[in-house]
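Colleague: the sequence and its predicted three-dimensional model are supplied below.
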Amino acid sequence: MRFLTSGESHGKALMAILEGVPAGLHITSEYINKELRRRQIGYGRGKRMEIERDEVEIISGVRGGYTLGTPIGIVIKNRDWENWKNVMDPEEILEEKMVTKPRSGHADFAGAIKYHFEDIRNVLERASARETAARVAVGAIAKAFLSEFGIEIISFVEAIDSIENRFDINNFEWDVLKRKAEKSDLRMIDEEKERQAKELIDKAKEEGDTLGGRFVLLARGVPIGLGSHVHWDKRLDALISHAIMSIPSVKGVEIGEALYASLNKGSKVHDEFYFGENRLRKTNYAGGIEGGISNGEIIMVRAFVKPIPTLRRPLKTFDIKEKKITDGYYERSDVCVVPAAGVVGESMLAFVLAKEFLNKFSGDHISEIKESFEKYKKYVYERLGWKS
Ligand SMILES: Cc1cc2nc3c(=O)[nH]c(=O)nc-3n(C[C@H](O)[C@H](O)[C@H](O)COP(=O)(O)O)c2cc1C
Ligand SMILES: C=C(O[C@@H]1CC(C(=O)O)=C[C@@H](OP(=O)(O)O)[C@H]1O)C(=O)O
């Protein structure tokens, strides 16, 4: 399974092609649109989200609501295109809106030098996280695939602008957590902490500043055996880290309780075996992956999101045309995108897990894959002496 996206932030549309989805998977645009909506609603977003109302058009690969096993093509229109078509027309630039002042923290500076551009817009349009809308559409399809096999992914915001408030992987209820995250526009699970975080976001906005934070991804139902120890590029933790790190503004990825593990003795952090009912561990500090292979426990990923680069009170910049240090520029911007980044994170994790699942249980039609999965499940239960 693989996908590509294309599209500029203020261009006509975003596109994605997802290849390798087996035939027979039920997909509707209504279902994908719900996921797109989840990415858009999030406390701390700016004016652009008031313009966009992301909806997918399925172009290919699906017929009568079921996948054909052919590449799936999707398009999401940019409503803002109407306001930018003179600037962004692919054939002719009808209105100059040259950007020559790079924002620290964005791709502006390095991109303009690398690609020999005088206009930074040629870089920022594609570096923009607008592209993540297409990833969420792809991720929705990956999630639909995983759910056929009882695999579910959720996310929540752990903290905004704070090292406090670390979630305890060994003590939580899945359904409660999911319900709380879904009902909140900051996707936090503790009402009081969320109230405080919103105050921080409001204050940052007032001050013309921005904020980062952390989100957590959890995947349950992942069978033992996705990924592999045999090569560096097959290790599941490495594949997941790559995918999550590729989300604009994510600067750190932690699998399981990596920080805690680095600070404690082995006897405190390794998940000792015991014989339970369909479970062999009491704890899950490893976050569901050992030796690059899923071990049947919940997969846990924590991502560290930096503050948004575009500041209403901009930092000093280096004007690449004038070749001098000067005041930065500001048009508009989000203030905090941790909730949205979490939803993108779900999509990226879903894609990696679906891909690895298909590597292990391949087949051209969902029914073939189900057969192979059921056979493997039976084998695992027998090996472990569990009741089915
Ligand atoms: C959903 C989402 C929305 C974003 N919105 C903005 C924004 O409004 N302004 C901005 O400067 N950066 C925004 N970013 C972050 C930049 O895209 C990102 O910092 C930039 O591409 C540089 O990449 P890097 O932070 O990974 O180095 C957003 C990121 C995400 C995930
Ligand atoms: C459009 C989206 O995010 C955008 C990501 C982004 C950036 O620089 O990354 C900059 C902003 O766009 P604009 O410059 O048009 O205000 C965000 O709104 C989106 O998430 O759909």
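Modeller: Received the coordinates, thanks. Ligands and ions are numbered 1, 2, ... in the order given.
Colleague: quick check, Glu254 in a strand?
Modeller: Yes. Assigned with DSSP: H, G, I helix; E, B strand; the rest coil, Glu254 falls within a strand.
Colleague: what are the bridge partners for it, then?
Modeller: Beta-bridge pairing of Glu254 under DSSP bridges involves Arg302.
Colleague: residues contacting it?
Modeller: Residues in contact with Glu254 (Cβ atoms under 8 Å, 6 or more residues apart in numbering) are Val301, Arg302, Ala303, Phe304. C-beta: built from backbone N, CA, C; applies to glycine.
Colleague: separation between Phe351 and ligand 1?
Modeller: Using Cβ to the nearest ligand atom, to the nearest Å, Phe351 is found at 16 Å from ligand 1.
Colleague: which residue sits closest to that residue, ignoring its sequence neighbours?
Modeller: Excluding its sequence neighbours, the residue lying closest to Phe351 (Cβ to Cβ, 6 or more residues apart in numbering) is Ala142, at 4.6 Å.
Colleague: what's around that neighbour, how many residues?
Modeller: Counted with other Cβ atoms under 10 Å, the neighbours of Ala142 add up to 28.
Colleague: which parts of the longest helix anywhere in the chain are buried?
Modeller: Longest helix in the chain by number of residues (criterion: DSSP state H): helix 338-360. Neighbour counts over helix 338-360 (16 or more other Cβ atoms under 10 Å) mark 338-358, 360 as buried.
Colleague: now do whichever residue of the stretch 51-200 of the chain sits closest to ligand 1, the pLDDT please.
Modeller: Relative to ligand 1, the nearest point of the stretch 51-200 of the chain is Ala129 (3.2 Å; Cβ to the nearest ligand atom). Ala129 carries a pLDDT value of 98.
Colleague: again with Ser388
Modeller: In this model, Ser388 is scored at 67, pLDDT.
Colleague: ok, Val301 next?
Modeller: 98.
Colleague: could you do His116 as well?
Modeller: 98.
Colleague: how near is the residue nearest to Phe351 to Val344?
Modeller: Distance, Ala142 to Val344, using Cβ to Cβ, to the nearest Å: 13 Å.
Colleague: cool, Cys336 as well?
Modeller: Between Cys336 and Val344 the computed distance is 14 Å (Cβ to Cβ).
Colleague: what do you get for Arg179?
Modeller: As defined by Cβ to Cβ, Arg179 lies at a distance of 21 Å from Val344.
Colleague: tally of neighbours for the residue lying closest to Gln40 once chain neighbours are set aside?
Modeller: Sequence neighbours aside, Met49 is the residue nearest to Gln40 in space, at 5.5 Å (criterion: Cβ to Cβ, 6+ apart). Residues lying near Met49 (other Cβ under 10 Å) number 17.
Colleague: quick one, what contacts Trp174?
Modeller: Counting by Cβ under 8 Å, 6+ apart, Trp174 makes contact with Ile154, Leu218, Arg220.
Colleague: let's see 7 Å
Modeller: Arg220 (Cβ atoms under 7 Å, 6 or more residues apart in numbering).
Colleague: could you list the contact residues of the stretch 151-300 of the chain toward ligand 1?
Modeller: Residues of the stretch 151-300 of the chain lying close to ligand 1 by Cβ under 6 Å from any ligand atom are Ile247, Pro248, Ser249.
Colleague: surely Lys282 is in contact with Phe273?
Modeller: No. Counting by Cβ atoms under 7 Å, Lys282 stays clear of Phe273, with 8.8 Å between them.
Colleague: if we can go back for a sec, residues near the closest residue to the residue of the stretch 51-200 of the chain closest to ligand 1 other than its chain neighbours, how many?
Modeller: In space, and not counting its chain neighbours, Ala129 is closest to Pro248: 4.2 Å by Cβ to Cβ, 6+ apart. Residues lying near Pro248 (other Cβ under 10 Å) number 19.
Colleague: pretty sure Pro248 belongs to a strand, no?
Modeller: No. With three-state DSSP as the criterion, Pro248 is located in coil rather than a strand.
Colleague: quick one: it and ligand 2, what's the gap?
Modeller: Separation of Pro248 from ligand 2 (Cβ to the nearest ligand atom) stands at 5 Å.
Colleague: how many neighbours does Phe172 have?
Modeller: 12.
Colleague: can you check Lys265 too?
Modeller: Counted with other Cβ under 10 Å, the neighbours of Lys265 add up to 8.
Colleague: for it, phi and psi?
Modeller: Dihedral pair for Lys265: phi -80, psi 160, per degrees, to the nearest 10.
Colleague: distance check, it against ligand 1.
Modeller: Computed as Cβ to the nearest ligand atom, the Lys265 to ligand 1 distance reads 35 Å.
Colleague: could you shift the numbering so residue one becomes 645, and keep it that way?
Modeller: With 645 as the first residue, the last one maps to Lys909.
Colleague: just the helices in the stretch 645-794 of the chain please.
Modeller: Shown for the stretch 645-794 of the chain, the helices assigned by DSSP state H, counting those that start in this stretch span residues 673-684, 692-695, 725-732, 752-758, 765-771, 776-791.
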